[in-house]
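**Q** Provided below are the primary sequence and the corresponding predicted coordinates.
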Amino acid sequence: MANFAVGDVVKKDKGRTGTVRAIFTTMAGELCYAVEHEGAVDFVEEAKLSDSQRRTCRLDLNAFVGEWASDC
């Protein structure tokens, strides 16, 4: 199971932050994340990511469209 979700702000092992845009499974079964930073996308292994101090709001898909989750 993925530790991060699409829309999460993460910190890469080199200290830069970015936003998760997609999650993939490699041929070896490892998770790989497409992380965007200033318009550029990097593909990063899950082990090289950590939580960022910055919080984001995730859309609660069980709620009505346009309403934000209460954990924002």
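**A** It's in.

**Q** what sits against the residue nearest the centre of the chain?
**A** By C-alpha atoms, centre = their mean, the chain has its centre lying nearest to Val20, at 2.9 Å. The contact partners of Val20, by C-beta atoms under 8 Å, 6 or more residues apart in numbering, come to 4-10, 33-35. Heads up, the C-betas are built off the backbone N, CA and C, glycines and all.

**Q** quick check, nearest of these to Leu49?
**A** Of all these, Val10 has the smallest distance to Leu49: 4.6 Å, by C-beta to C-beta.

**Q** just give the nearest non-adjacent residue to Cys32, would you?
**A** Closest residue to Cys32 apart from its sequence neighbours, by C-beta to C-beta, 6 or more residues apart in numbering: Phe24 at 4.7 Å.

**Q** now do the buried residues in the helix or strand containing that neighbour.
**A** In this structure, Phe24 sits in strand 17-25 according to DSSP states H and E. Neighbour counts using 16 or more other C-beta atoms under 10 Å place 18-20, 23 of strand 17-25 among the buried residues.

**Q** the helix or strand of the chain with the lowest mean pLDDT pairs with which strands, parallel or anti?
**A** When each helix and strand of the chain is scored by mean pLDDT, DSSP states H and E, strand 49-51 comes last, with a mean of 86. Strand 49-51 has the following strand partners under DSSP bridges: strand 9-12 (antiparallel).

**Q** residues making contact with the partner strand?
**A** Residues outside strand 9-12 that contact it (C-beta under 8 Å, 6+ apart): 4, 17-20, 33, 35, 42, 44, 48-52, 54-56.

**Q** circling back: so the residue nearest to Cys32 touches Glu30, yeah?
**A** No - using C-beta atoms under 8 Å, Phe24 makes no contact with Glu30, being 9.4 Å away.

**Q** wait, what's in contact with Phe4?
**A** 10, 20, 23, 33, 46, 49, 51.

**Q** hey, what's the first one bridged with?
**A** Okay, so that is Val10. Counting by DSSP bridges, the residues bridging with Val10 are Gly18, Asp51.

**Q** neighbours of it, how many?
**A** Applying other C-beta atoms under 10 Å, we find 23 residues neighbouring Val10.
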